[in-house]
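A.B. asks: fold the following, please.
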Amino acid sequence: MHNVRRRIYLGQSLPIRYEDEMLYGVISRYSIRSGNTSHRATLIDVFGSSNYTVSLELQPGIRRIISNLPMGTTLTEEQFIFQNTMFLFYTAFKGEEQSRWIWDEMLSEHGKDLYNATGQSTSPIKMATHFQYCIQCNRNSLEKHGEMYWRRLFQIPGVKICVEHGVWLSQSEVPMRGITKHTLTVPTQENCSEIIVEEVSDTKMLAQYRCIVNDVEKILNCEYPSRPLEWFYRCYKNQLTSKGYVSIKGRVDQKRVREDFVDYFGVELLDILQSSVVGNHNWLKSIFQKHRKGKEFHPIRHLLVIHFLGLSIEDVFYADESKFPFKPEVLADQPKRKILKKTMTPKYREQAKKERRVSWTEMRSQHPQLGRLELRKLNSRVYAWLYLYDREFLMEHMPDRLPAKSVTIRYDWQKRDEETLQKVRLIVGQLLRVEGKSHRITIARIHEALEEQCLYAEHLSKMPSTKEYLSQVLESTEKFRERSILWAIQELKKTNEPLILNRIKIKAGVGGVNSILLKYPELLQ
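C.D. replies: Next comes the predicted model:
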């Protein structure tokens, strides 16, 4: 009987799932609509047991959720997994066996080791510390739905910009880890305050970033065929070969690849995507080497390589192996003399050299303003041929390299810590002295007063004094409620008004008056 009642209630109260909404958010909104006063009660409603954790990326117990819905429901396991979790994103570049294992674990009772299956525990590309949101998207959602919700795309590691509106994402006050494991929090105007919208000023970087994020969204929503790691290695290697990066012996010119890769994307974009390629031993070099078992790369890095090589996602996942030009690892076993004899005669080679020299020279004269990378893109076949068979001519007729990009500004963090601490102290003092109803002291409110975004976790880790001070003054909901009620009581006493519970509540603008009065009984004296 209890199970039947739970099914009916869950079916009546389960909110409509919004486009690209996280399952965590759906369950959080259900918790509010159901009127449940505890996290445990919501888990029992949704899963039929309180022995579950609501996950952010890959949710276990999906089969349990479906079984608790009323008979005749149209929702399926596939819909929840594909549309409201990050399953397709984290399995896009995994083999069929591993993808199937993750799928089965999400359906199962408790989903062992699902967090490690995402690679987040060891990946250099980390999620944000707090839920991210776009102010304009939230406004649109409020207008359309009457409420805001957590979007999957904005929580993907490396996604820092809303490409639809061309603005940097804001960080909410809701942490992604830690207390989130035991609480269900929806986005509100309190925890997702409307600080100043910061537009992305670099239009070139934004255009490139948009391509990457559009592909993130594509693999987040489309089911591509499972391919083994060897598939991606061969696809990338053959594309490198066709672009002239691979020698006759099958060796990749890693130095030139790295230089062109950085020129193509720019240092800033690679830093935002946590995919810098500094040093000789970096992920870019590894991804073009034959993969050892267990060696995996984050989906973001696969997408960077795919774009750099001029491919689309469909080109990679639906590649026809029989149409690969040749296999470098096979050619490497043959003597160089034999390959040249097999592929071209001296007469053909001389004629081909003349034609390609003319093509390259004409292209240089027609586009004098273009750099090396742009010229290579104009006619990659000519470039690849000259690089392989007439490199001396090619190097002599290349445009000069662009000057080195300006070095990233490095802050004196000790000085910045001292200056920021003084500003923050001043702002907190002003907030505490404001007349009338008080405002909760939060990072977002201090950011707004500072008119700069400098108090995120990655910055505070380098400003210990400011971090320590903030840990003392930032207010939780409970702390702010207590301060508001104490203020309201003092204000009522000044005007000799009766200290009635309802009057205190209205004056303070918060609930929970009883608990504070029990804590400070002397206040009513």
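A.B. asks: all contacts plus neighbour counts: C-alpha atoms, from now on.
C.D. replies: Will do.
A.B. asks: and whichever strand or helix holds residue 238, how far from the chain's centre?
C.D. replies: Taking DSSP states H and E as the criterion, residue 238 maps to helix 229-242. Relative to the centre of its chain, helix 229-242 is centred 26 Å away, using Cα atoms, centre = their mean, to the nearest Å.
A.B. asks: OK, contacts around residue 359?
C.D. replies: Shown in contact with residue 359 (Cα atoms under 8 Å, 6 or more residues apart in numbering): residue 382.
A.B. asks: can you tell me how far it is from residue 386?
C.D. replies: As judged by Cα to Cα, to the nearest Å, residue 359 and residue 386 stand 11 Å apart.
A.B. asks: for this structure, what spans make up the strands?
C.D. replies: 130-133, 161-162, 167-168, 170-175 (DSSP state E).
A.B. asks: export the longest one as PDB, just CAs?
C.D. replies: Once non-C-alpha atoms are left out, strand 170-175 reads as follows in PDB (Å, rounded to 0.1, in the frame of the first residue of the first chain):
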ATOM      1  CA  SER A 170      28.600  33.200 -13.100                       C
ATOM      2  CA  GLN A 171      29.300  30.900 -10.100                       C
ATOM      3  CA  SER A 172      26.300  30.300  -7.700                       C
ATOM      4  CA  GLU A 173      26.700  30.000  -4.000                       C
ATOM      5  CA  VAL A 174      25.700  26.300  -4.200                       C
ATOM      6  CA  PRO A 175      28.800  24.000  -4.100                       C
END
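A.B. asks: just the terminal-to-terminal distance for stretch 240-258.
C.D. replies: 12 Å.
A.B. asks: list the buried residues of that stretch.
C.D. replies: By neighbour count on 16 or more other Cα atoms under 10 Å, the buried set for stretch 240-258 is 240-252, 254, 257-258.
A.B. asks: follow-up on the earlier one: and of the strands of the chain, who's closest to residue 148?
C.D. replies: strand 130-133 (9.7 Å; Cα to Cα).
A.B. asks: adjacent strands (with direction) for that closest one?
C.D. replies: Sheet pairing here is set by DSSP bridges, and for strand 130-133 it gives strand 170-175 (antiparallel).
A.B. asks: so how far is the strand it pairs with off the chain centroid?
C.D. replies: 14 Å.
A.B. asks: residue ranges of the helices in the stretch 201-350 of the chain, please?
C.D. replies: 203-221, 229-242, 254-265, 267-272, 283-287, 299-308, 313-317, 328-331, 336-343, 346-366 (DSSP state H, counting those that start in this stretch).
A.B. asks: for residue 33, find the nearest of the ones you listed.
C.D. replies: Here helix 203-221 is closest among those (Cα to Cα), at 27.7 Å.
A.B. asks: what about the stretch 51-200 of the chain, any weak spots by pLDDT?
C.D. replies: For the stretch 51-200 of the chain, the stretches with pLDDT under 70 are 121, 178-182.
A.B. asks: apply 80 and report the result again.
C.D. replies: 70-73, 109-113, 115-123, 177-183, 194-197 (pLDDT under 80).
A.B. asks: which stretches in it count as helices?
C.D. replies: Applying DSSP H, counting those that start in this stretch to the stretch 51-200 of the chain gives helices spanning 62-67, 77-84, 87-91, 96-107, 114-117, 135-145.
A.B. asks: most tightly packed of the ones you listed?
C.D. replies: Most buried of these, by mean neighbour count (mean count of other Cα atoms under 10 Å): helix 87-91, with a mean of 23.
A.B. asks: thank you, goodbye.
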